[in-house]
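Novice: I would like to see how this sequence folds:
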Amino acid sequence: MQQVIALPHIKSSLVAAAITVATFAIMSGSASATEMHPTQHHENPHAVAMQEGGQEHEAKKHQQGSQEHEANKHQQESNSHENKDHENVVVQADHEMNAHENKVRENEMAQNHMNAQAAAMHEKNKEKHENKMAHKEHKTNGHEDRKMNGHDNAEVKHANKVNGDEHKASSNGNNQHQANANKNHEAQQEAVEQSQAAIDLRVGLNNLLREHVTTNLNVNRSIATDASTAEIEAGIGTQMANTEDLAGAVGSVYGSEAQAQFSEMFAEHIEESNNIAIAVAAGDESAKQMAVVELEEYLDEITTFFTTAIPVLPYDAVYGLLSDHEDLINRSTEAAAAGNFELSYHLERKALVQVSTIADALASGIIATQPDKF
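Specialist: Modelled structure (predicted):
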């Protein structure tokens, strides 16, 4: 009975073991099959290439955007620096302009004072001249009265010559009246001519001194910018011609000796101004300072020359006007050498206005101290 019970139990165990072994074998076989055929799990190569290309395109696009952003940022910074530099130049030019305009106003006040003095002296000389003419006319009329009285006495004493004396007196009276009329006409004509001479002097000095500014700066700019020798020499020739014209104007009033003295001084002044331009172009500060010292010596000499010839002009006022003129010329030259032509020509315009102040002061002084000529 026990054996019958045991056999089924053993048989059942063997069946279970066999099922287990079979299951393990199937699983092992599936695993081996999977290892032997891995290609079944690979992705599509075209899809991979497209994905890699897209990634590369995105990377390039990102890199290009970064580069453009950096370039734009650099350009903006560059433009900002340039704008600041330009603003600094403009502010500096405005500051210099305001400082110079203050000087010009001070000089204009001094000029107005000189013009007032010159005008007063001119009026005084004119009044003196008119009084002299009136006195001469009065003497002439007194002489005529005495002549008429003499004829009246002759009529009383010599009754038989009344008709002859009256005729003679009438004839002489008519002649004298015509002579007086002629003298008055001549005096009026002389006054008109003197007025025109004064106008010509003022206009002539303005034209010549403005030409001096232009020719001087033309040469200095040519030197500072390394122009050709032919251009520089042509400019210097124009400077010398202007110098001789100015000296001729001086000589027409004060004579040949004063003309020669002025011509020599002014020619040396032109040379020193050109030397400053040469030194600035070469960056030679020592040579520039030597030329500036020579120029200051000239300013003293030319101021003394003018104030001696025209005593109504104060030394300090004339020296200040001439010193301002040289300062504008030198600053315009230095601006051109630095390549700042906008500032250079701006300073030239100011120099042209300022030199007219000098011309008017000289003309007023000459007219006031030379009444017989003007």
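
Novice: average model confidence for whichever strand or helix holds Met265?
Specialist: Element membership of Met265, judged by DSSP states H and E, is helix 256-282. In this model, helix 256-282 carries a mean pLDDT of 96.

Novice: Could you shift the numbering so residue one becomes 63, and keep it that way?
Specialist: Renumbered: residue one is now 63, and that last one reads helix 318-344.

Novice: Going by neighbour count, list what's buried in the next helix or strand after it.
Specialist: The helix or strand immediately downstream of helix 318-344 is helix 347-371, counting by DSSP H and E. Buried positions in helix 347-371, judged by neighbour count with 16 or more other C-beta atoms under 10 Å: 350, 353, 356-357, 360-361, 364-365, 367-369, 371. All C-beta spots, glycine's among them, are computed from the backbone N, C-alpha and C.

Novice: Next: stretch 279-296.
Specialist: 279-286, 294.

Novice: can you redo those residues as CSV with pLDDT, secondary structure and distance to Gln432?
Specialist: Below are those laid out as CSV (pLDDT from 0 to 100; DSSP: H, G, I helix; E, B strand; the rest coil; distance: C-beta to C-beta, whole Å):
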residue, pLDDT, secondary structure, distance to Gln432
Leu279, 97, helix, 32
Asn280, 97, helix, 33
Val281, 98, helix, 33
Asn282, 97, helix, 34
Arg283, 97, helix, 38
Ser284, 97, helix, 39
Ile285, 97, helix, 39
Ala286, 94, helix, 40
Ile294, 96, helix, 39
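
Novice: Between those residues, which sits nearest Phe403?
Specialist: In terms of C-beta to C-beta, no member of those lies closer to Phe403 than Arg283, at 8.2 Å.

Novice: which SSE is the nearest residue to the closest one once chain neighbours are set aside in?
Specialist: Spatial nearest neighbour of Arg283, chain neighbours left out: Ala398 (4.5 Å); criterion: C-beta to C-beta, 6 or more residues apart in numbering. Assigned by DSSP H and E, Ala398 belongs to helix 377-399.

Novice: what mean pLDDT does that helix have?
Specialist: 97.

Novice: Which strands and helices lie in contact with the helix or strand just after it?
Specialist: Sequence order places helix 403-431 as the next helix or strand after helix 377-399, per DSSP H and E. Contact partners of helix 403-431 among helices and strands, from 3 or more C-beta pairs under 8 Å, 6 or more residues apart in numbering; DSSP states H and E: helix 107-219, helix 224-286, helix 377-399.

Novice: per-stretch mean pLDDT over those helices, give me the minimum one.
Specialist: Averaging pLDDT over each of the helices and strands packed on helix 403-431 puts helix 107-219 lowest, since it has a mean of 58.

Novice: I'd say the residue nearest to Arg283 and Asn280 touch.
Specialist: No. At 10.4 Å, Ala398 does not count as touching Asn280 under the criterion of C-beta atoms under 8 Å.

Novice: picking up where we left off before, taking helix 347-371 as reference, get the angle to the helix holding Met327.
Specialist: 160 degrees (axes from the mean of the first three to the mean of the last three C-alpha atoms, to 10 degrees).

Novice: What are the buried residues along helix 318-344?
Specialist: So, applying 16+ other C-beta under 10 Å, buried residues of helix 318-344: 320-321, 323-325, 328, 330-332, 334-343.

Novice: for stretch 265-277, same thing?
Specialist: 266-268, 270-277.

Novice: Also stretch 402-418?
Specialist: Buried-residue list, stretch 402-418, by 16+ other C-beta under 10 Å: 402, 405-406, 408-410, 412-414, 416-418.

Novice: C-alpha coordinates for it, CSV please?
Specialist: Output of stretch 402-418 as CSV, limited to C-alpha atoms (Å, rounded to 0.1, in the frame of the first residue of the first chain):
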residue,chain,number,x,y,z
ASN,A,402,41.2,119.4,-37.2
PHE,A,403,40.4,121.6,-40.2
GLU,A,404,37.0,122.4,-39.0
LEU,A,405,38.4,124.2,-36.0
SER,A,406,41.2,125.7,-38.0
TYR,A,407,38.8,127.5,-40.4
HIS,A,408,36.5,128.5,-37.6
LEU,A,409,39.5,130.3,-35.9
GLU,A,410,40.3,131.9,-39.3
ARG,A,411,36.8,133.5,-39.4
LYS,A,412,37.3,134.9,-35.9
ALA,A,413,40.7,136.3,-36.9
LEU,A,414,39.1,138.0,-39.9
VAL,A,415,36.6,139.7,-37.7
GLN,A,416,39.2,140.6,-35.0
VAL,A,417,41.7,142.2,-37.5
SER,A,418,39.0,144.6,-38.6
